[in-house]
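J.: Just the structure for this:
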Amino acid sequence: MYFKGVNDIEINFQKLSDLGVIELYNIYRLRVDVFVVEQNCAYPEVDDEDLTAYHLSMYEGEHLVAYCRVIPNDNQTIARIGRVIVAKEYRRRHLGSDLINEAMDRAKVAMPNLTKFVLAGQVYVKDFYHSFGFKDVSDEYLEDGIPNIDMELDLKN
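T.: Sure thing, here's the model as predicted:
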């Protein structure tokens, strides 16, 4: 489902089975470009969580400019936000904020019993997540050599 969203960006929020081949290619290419190449992390980028996730893509024209996935738990009361990316040439345009807001808004509609968002964020952007109300729930730890921290946003408060 495509529609105009923030900043004249087209927004797509779909399950994997609803994505077209080109959309899926664009998503995997951006994820590999940022997480594997730019951040120099050698790990299997494509994983089984893609099968159950909602994929939020933001396009400007033909260009995938931002992406994240929202993974519901089994009873759809907790959603994990992950693979948060803004393409390098589109950074500093506040698309990251738009991306997180859209992901949370659309997840609340898709999962009406949602009570909490969780994520594992890189430490250097934890203040970004704090701005949405996320709270730290772990000590810092290394994941693929990058400092991370677990965070939660309780929707019941």
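
J.: Give the full set of residues in contact with the residue nearest to residue 116 when sequence neighbours are not counted.
T.: Distance criterion C-beta to C-beta, 6 or more residues apart in numbering; nearest residue to residue 116, sequence neighbours excluded, is residue 78 at 4.9 Å. In this view, the C-beta of every residue, glycine as well, is placed from N, C-alpha and C. For residue 78, the contact set (C-beta atoms under 8 Å, 6 or more residues apart in numbering) comprises 72, 114, 115, 116, 117, 118.

J.: What count of nearby residues applies to residue 43?
T.: Residues lying near residue 43 (other C-beta atoms under 10 Å) number 9.

J.: Look at the closest residue to it other than its chain neighbours and say how many residues are nearby.
T.: Nearest non-adjacent residue to residue 43, counting by C-beta to C-beta, 6+ apart: residue 144, 5.9 Å away. Here the number of neighbours of residue 144 (other C-beta under 10 Å) works out to 12.

J.: again with residue 150
T.: 16.

J.: Run me through the strand neighbours of the strand or helix carrying it, direction for each.
T.: Secondary-structure assignment from DSSP states H and E places residue 150 in strand 146-154. Using DSSP bridges, the strands paired with strand 146-154 are strand 116-122 (antiparallel), strand 135-136 (antiparallel), strand 141-143 (antiparallel).

J.: so after the first one, what's the next helix or strand?
T.: This points to strand 116-122. That would be, after strand 116-122 and using DSSP H and E, helix 126-130.

J.: residues in contact with that following helix?
T.: 96, 97, 100, 119, 121, 136, 149, 151.

J.: hang on, isn't the fifth one packed against residue 151?
T.: It stands for residue 121. Yes - if you go by C-beta atoms under 8 Å, residue 121 and residue 151 touch, sitting 5.6 Å apart.
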